[in-house]
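Engineer: Build the 3D model from these lines:
(chains A and B)
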Amino acid sequence: MLDIRRIRKNPEEVKKALEKRHGDFPIDEVLELDKKRRGMLTEVEEMKAKQNSVSKEIPKLKKEGKDAKSLLTEMRQLSDKIKEMDMEVKEIDGKLKNKLLHIPNTPHETVAEGVSDDDNVEIRKWGEPTKFDFEPKAHWDLGADLDILDFERASKLTGTRFSLFKGAGALLERALINFMIDLHVVDHGYMEMATPFMVNRDSMIGTGQLPKFESDMFHIPSKDYFLVPTAEVPLTNIYRDEILEEEMLPAYYVAYTPCFRQEAGSAGRDTRGLIRNHQFDKVELVKFSLPEDSYDELEKLTNNAEEVLQKLGLPYRVVMLSTGDLGFSSAKTYDLEVWMPSYGRYVEISSCSNFEDFQARRANIRFRRKDNKKVEYAHTLNGSGLAVGRTLAAILENCQQEDGSLVIPEALRPYTRGLEKVEK
RNA sequence: GGAGAGAUGUCCGAGAGGUUGAAGGUGGUGGUCUCGAAAACCACUGUGCAGGCCAUCCUGUACCGAGGGUUCGAAUCCCUCUCUCUCCGCCA
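Structural biologist: Numbers count the residues shown, from 1 in each chain, chains lettered A, B, ... in the order given. Presented below is the predicted three-dimensional model:
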């Protein structure tokens, strides 16, 4: 959520920043509602002030035995009027809030302007696309041939876009989770968390999934809970409605959760394999930061995620999302894209974003400055560290051998009971 | 799922229609004292919103789990909901 005071003060600056997203956002309507709201607020507060002062006089009059009848009648009318105006203010408040909740974050000034992912900017590259002197298999074929992935039966169990990991496949999935968490905890100083896999509506609003993107979420109607689309939601909302101490910041958290997404808008895309499922595993990194440090923290966070790929020996590149591809809540995002031989291109495997105070404002996450005691919104960041299913797919495709076997990256072997190779 | 109890400021805990933003304690900050510390004593001590040439300052207003209601006036009375705790049942 954008700061209404910022919009009020610099409407042109906000409009200009949002124009880069190439959408139509109701800034003028917001301004109008805001003006109306403040006008009514001033009026009704004056009335309330009168009501309060008179209400203090009434018991005195009564004590003195004076008649307060006419005053009471007057006050009754005032009271009714106040209630009426309170309702109107509340209605306007609701409208205003709703409008604000649907307006995306303003991109950071360093973000490249563009209309789609074609305009993303490559920042750096690590390794070279894997070369094979044989015809490499796609991971879904290799997984089936090695009998470690079974998409047919997953589809029988639930439906399309679900996976069943078998034997070494399940072991690899679990090994990757543990490997990633350990790396971030031990080497990068994150605190491990195990969170609920369902969250309530307030949490989903806090991180920006709702109200705009409800159709992509799995919903439990009986409790109005949502299956988490990413651990970002529970992790970030840990401090919803709290005021943190400055010394706590920056705070780093890592959690593994399965992620549940309807993938409503992507019918027909990436239908095979592990790339786009309704349920997938992910290790997520979340940071709470001082506003002045958040862009440094973004660089570090991105490096932390990159290190997973480096340790696994998977070629990748880092791209900065253009304004056309930038997520709703994000001010700046780096995507990590891993080389996927079956696609013949780099495929997103991590997304690292700085939300500045956009989520914090929605979720009401603040901190108190040590020197002047002032309360400010914290900055929140997150990044995949990494998407586990896609990492497994990348390992299958990049580490496959001519004889159809799979060589497990060395870094993973402490987590696979020493298993070095998967063969048929 | 059944029965009961509860939800107040950093925390603990009073308050039971009217000078209550809320007693008392605790924690925190500043000060006195001290060579220093502790102790003791004194003072201060929340958040949101609006306004005041938006100013670490002032004024108004709101906030005692959430949302409604009664009333001139509600932390206090009524209704609904949520959550927590205890006991029983069930269960990984």
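Engineer: C-alpha from now on. contacts and neighbour counts both.
Structural biologist: Will do.
Engineer: And the spatially most distant residue from the centre of chain A, how far from RNA strand B?
Structural biologist: What lies farthest from the middle of chain A is residue A:65; by CA atoms, centre = their mean that is 63.7 Å. As judged by CA to the nearest atom of the strand, to the nearest Å, residue A:65 and RNA strand B stand 12 Å apart.
Engineer: pLDDT score for that residue?
Structural biologist: pLDDT for residue A:65: 74.
Engineer: how about it, secondary structure?
Structural biologist: Using DSSP: H, G, I helix; E, B strand; the rest coil, the structure places residue A:65 in coil.
Engineer: Residues of chain A that sit close to RNA strand B?
Structural biologist: Residues of chain A found near RNA strand B (CA under 7 Å from any atom of the strand) are A:5, A:38, A:41-42, A:45-46, A:48-56, A:58-59, A:72-73, A:75-76, A:79, A:373-376.
Engineer: Going through those residues, which ones are buried?
Structural biologist: Neighbour counting with 16 or more other CA atoms under 10 Å marks A:41, A:51, A:58, A:75, A:376 as buried within the residues of chain A next to RNA strand B.
Engineer: Out of the residues you listed, the closest to RNA strand B would be?
Structural biologist: Among those, residue A:75 lies closest to RNA strand B (CA to the nearest atom of the strand), at 4.5 Å.
Engineer: Among the buried ones among the residues of chain A next to RNA strand B, which lie within helices?
Structural biologist: A:41, A:51, A:58, A:75 (DSSP state H).
Engineer: Distance to residue A:313 and pLDDT for those - can I get that in TSV?
Structural biologist: Formatted as TSV, those follow (distance: CA to CA, whole Å; pLDDT from 0 to 100):
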residue	distance to residue A:313	pLDDT
A:41	61	92
A:51	72	92
A:58	80	87
A:75	77	91
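Engineer: Distance to residue A:290 for those - can I get that in JSON lines?
Structural biologist: Output for those, formatted as JSON lines (distance: CA to CA, whole Å):
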{"residue": "A:41", "distance to residue A:290": "33"}
{"residue": "A:51", "distance to residue A:290": "43"}
{"residue": "A:58", "distance to residue A:290": "50"}
{"residue": "A:75", "distance to residue A:290": "49"}
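Engineer: Could you count how many residues lie near residue A:245?
Structural biologist: For residue A:245, the neighbour count with other CA atoms under 10 Å is 14.
Engineer: Please tell me I have it right and it contacts residue A:371.
Structural biologist: No. Residue A:245 is beyond contact range of residue A:371, at 11.3 Å (criterion: CA atoms under 8 Å).
Engineer: Given the lowest-mean-pLDDT helix or strand in chain A, what are its sheet partners and their directions?
Structural biologist: Lowest by mean pLDDT, DSSP states H and E among the helices and strands of chain A is strand A:242-245, with a mean of 85. Here strand A:242-245 is paired, per DSSP bridges, with strand A:365-368 (parallel).
Engineer: what does the partner strand contact?
Structural biologist: Strand A:365-368 is contacted from outside by A:239-246, A:360, A:374-378, using CA atoms under 8 Å, 6 or more residues apart in numbering.
Engineer: per-residue confidence for residue A:139?
Structural biologist: You'll see residue A:139 listed with a pLDDT of 97.
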